[in-house]
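Peer 1: coords please:
(one chain, ligands or ions: 1)
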Amino acid sequence: MSGLSDISYDNRTVLVTGGSGFLGSWMCETLLHKGAEVICLDNYASGRPENTEHLKNHPKFTRIVHDISKPYDPGRAVDLVCHLASRASPLEFEHYPIQILKSNTLGTMNALGIARKYEARFFFTSTSEIYGEAAIFPTPETYRGNVNTLGIRGCYDEAKRAGEAFCMAYFRQHGLDVRIARIFNTYGPRMRSDGHYGRVVPRFFDQAMHNEPITIFGDGTQTRSFCYVTDQITGLLRLAGLPGLKGEVVNIGNPVEYTILDLAKMIIDLTGSSSQLSYHPMPPDDPTRRVPDITKAREKLGWEPKVDIRDGLMMMKESNSGSVHRS
Ligand SMILES: NC(=O)c1ccc[n+]([C@@H]2O[C@H](COP(=O)([O-])OP(=O)(O)OC[C@H]3O[C@@H](n4cnc5c(N)ncnc54)[C@H](O)[C@@H]3O)[C@@H](O)[C@H]2O)c1
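Peer 2: Okay, here's the model as predicted:
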């Protein structure tokens with residue numbers, strides 16, 4: 001299956017927090033294609049209005065500027081609340097730890113409150129980061145994590161863990177239909193490459209396209225698995241849209257593992273760059289391996305990713321998102 005042809009969002013009203021971010025903008029766009037009415041809420045902390053500019057005049061699309069760590073009431077019925085609002089780049093963890101904690105704790109609580117008030121379904125974007133330095137690979141949803149509350153990544157890992165606990169509390173205490181996606185590294189057009197917003201794929205593209213040294217942390221043998229954005233959004237909207245998944249948590253990611261060196265070499269090849277590799281100390285608590293077990297996604301959602309990394313990187317290159325955001 002893996003597509004969205006068997007799921008209708010026709011005449012459903014969906015609130016997407018973080019809707020003008022990378023994943024949020026793709027989610028808003030896909031929901032509109034599937035017939036939903038979409039309210040996109042964002043405070044532009046890390047997202048940009050340009051990401052949803054092309055949707056601005058759609059009759060079923062509304063943009064609200066608001067910080068979800070403060071209470072919000074859409075003032076109209078909603079059928080689904082998708083809570084994506086959170087800075088997500090590891091380089092932001094150092095600069096904005098309080099905002100990150102607030103978006104995933106107070107923000108999750110406020111977003112759950114909206115779902116409860118309007119008897120809506122609730123969908124939370126958690127992360128593979130909640131597994132920390134995992135001990136089981138590929139990592140299944142049953143693995144409980146090995147994280148450092150005091151480290152620099154603690155603001156994100158622990159906030160997401162608290163967000164998951166908030167979801168399960170509303171599920172148990174109020175019977176709310178909550179679903180939690182643990183997202184593994186996702187890449188694609190509209191990711192920022194600039195400054196501390198730049199995650200590894202757009203940063204490598206940006207450096208390669210400018211023939212600058214590619215920044216490798218450690219010796220580059222640490223692994224990640226990279227999911228192309230359209231695959232990711234399909235997985236997320238299957239989890240949010242299918243019946244019978246109340247209280248479920250599902251890994252959504254690509255199970256093919258690459259080293260960071262593999263990624264750098266693929267991007268250098270693809271761009272015909274003369275960039276050299278430049279080695280830097282490994283940031284504290286950076287996980288050495290990251291690969292999802294997606295058995296549950298295959299079984300419960302009938303989903304698995306389709307896009308090969310070389311095709312995905314090529315689509316990203318053609319969208320020019322590796323370098324357009326350099327200021
Ligand atoms: N992209 C990935 O690989 C990945 C991996 C794991 C988890 N996630 C999760 O998916 C979600 C979306 O991530 P993304 O990659 O699109 O990041 P992003 O930074 O592009 O998008 C996040 C959006 O949330 C908005 N935001 C942040 N704090 C807010 C607040 N308090 N109130 C309202 N809006 C706020 C930002 O302005 C931005 O538009 C995040 O919750 C992130 O933790 C993403």
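Peer 1: So which residues on the stretch 1-150 of the chain come close to the ligand?
Peer 2: 17-18, 20-24, 41-47, 67-69, 84-88, 103, 107, 125, 127 (C-beta under 6 Å from any ligand atom). All C-beta spots, glycine's among them, are computed from the backbone N, C-alpha and C.
Peer 1: Could you rerun that using 5 Å?
Peer 2: Within the stretch 1-150 of the chain, the positions adjacent to the ligand are 18, 20-23, 42-47, 67-69, 84-86, 88, 103, 125, 127 by C-beta under 5 Å from any ligand atom.
Peer 1: Look up the residues forming beta bridges with the residue nearest to Leu55 when sequence neighbours are not counted.
Peer 2: Residue nearest to Leu55 in three dimensions, not counting chain neighbours: Phe61, with 4.8 Å by C-beta to C-beta, 6 or more residues apart in numbering. Per DSSP bridges, the residues bridged to Phe61 are Val38.
Peer 1: Provide the contact partners of the helix or strand bottoming out on mean pLDDT in the chain at residue level.
Peer 2: None of the helices or strands of the chain scores lower by mean pLDDT, DSSP states H and E than helix 90-93, at a mean of 92. Identification of contacts with helix 90-93 by C-beta atoms under 8 Å, 6 or more residues apart in numbering yields 46, 100, 152-153, 155-156, 195-199, 283, 286.
Peer 1: hang on, the earlier thing: can you name the residues that contact the residue nearest to Leu55?
Peer 2: 28, 32, 37-38, 40, 52, 55.
Peer 1: which of these sit farthest apart?
Peer 2: By the measure C-beta to C-beta, Glu37 and Thr52 form the most distant pair in those, at 14.6 Å.
Peer 1: So these two - more neighbours on which side?
Peer 2: Between Glu37 and Thr52, counting by other C-beta atoms under 10 Å, Thr52 is the more crowded of the two (24 against 21).
Peer 1: who in the stretch 151-300 of the chain is up against the ligand?
Peer 2: So far as C-beta under 5 Å from any ligand atom goes, the stretch 151-300 of the chain lies against the ligand at 183, 185-186.
Peer 1: just to revisit the earlier point, the ligand: which of the contacts of helix 90-93 is nearest?
Peer 2: Ser46 (3.4 Å; C-beta to the nearest ligand atom).
Peer 1: From the residues of the stretch 1-150 of the chain next to the ligand, list the buried ones, please.
Peer 2: Among these, those buried by neighbour count (16 or more other C-beta atoms under 10 Å) are 18, 20-23, 42-43, 45-47, 67-69, 84-86, 88, 103, 125, 127.
Peer 1: From the residues you listed, which land in helices?
Peer 2: Counted as lying in helices by DSSP state H, out of those, are 22-23, 103.
Peer 1: tally of neighbours for the residue lying closest to Glu29 once chain neighbours are set aside?
Peer 2: Distances taken as C-beta to C-beta, 6+ apart put Leu55 closest to Glu29, at 6.1 Å, once the chain neighbours are dropped. Neighbourhood size, Leu55 [other C-beta under 10 Å]: 19.
Peer 1: Does Leu55 touch Leu32 like I think?
Peer 2: Yes. With contact defined as C-beta atoms under 8 Å, Leu55 reaches Leu32; the gap is 6.4 Å.
Peer 1: Mind listing the shared neighbours of the two?
Peer 2: What both Leu55 and Leu32 touch, as defined by C-beta under 8 Å, 6+ apart, is the set 38, 61.
Peer 1: Backbone dihedrals for Ile183, both of them.
Peer 2: Reported as degrees, to the nearest 10, the phi and psi values for Ile183 are phi -90, psi 130.
Peer 1: okay, it: pLDDT?
Peer 2: Ile183 carries a pLDDT value of 98.
Peer 1: Gln276 contacts Ile214, doesn't it?
Peer 2: Yes. At 7.3 Å, Gln276 counts as touching Ile214 under the criterion of C-beta under 8 Å.
Peer 1: what about those two, which has more around it?
Peer 2: Counted by other C-beta under 10 Å, Gln276 and Ile214 do not tie: Ile214 has more neighbours, with 25 against 10.
Peer 1: tell me the strands in the stretch 51-200 of the chain, going along the chain?
Peer 2: 61-65, 80-83, 121-127, 178-183, 186-187 (DSSP state E, counting those that start in this stretch).
Peer 1: And the contacts of the fourth one?
Peer 2: By that I understand strand 178-183. 23, 112, 115, 121-128, 130-131, 141, 164, 167-168, 170-171, 232, 235-236, 239-240, 245-253, 292.
Peer 1: Can you list which of those residues are found in helices?
Peer 2: Using DSSP H, 23, 112, 115, 164, 167-168, 170-171, 232, 235-236, 239-240 are the members of the contacts of strand 178-183 that sit in helices.
Peer 1: got those as TSV, with distance to Trp303 and pLDDT columns?
Peer 2: Output for these, formatted as TSV (distance: C-beta to C-beta, whole Å; pLDDT from 0 to 100):
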residue	distance to Trp303	pLDDT
Leu23	16	98
Leu112	25	99
Ala115	23	99
Glu164	20	98
Cys167	20	99
Met168	22	98
Tyr170	25	98
Phe171	22	98
Gln232	10	98
Gly235	5	98
Leu236	9	98
Leu239	8	98
Ala240	12	98
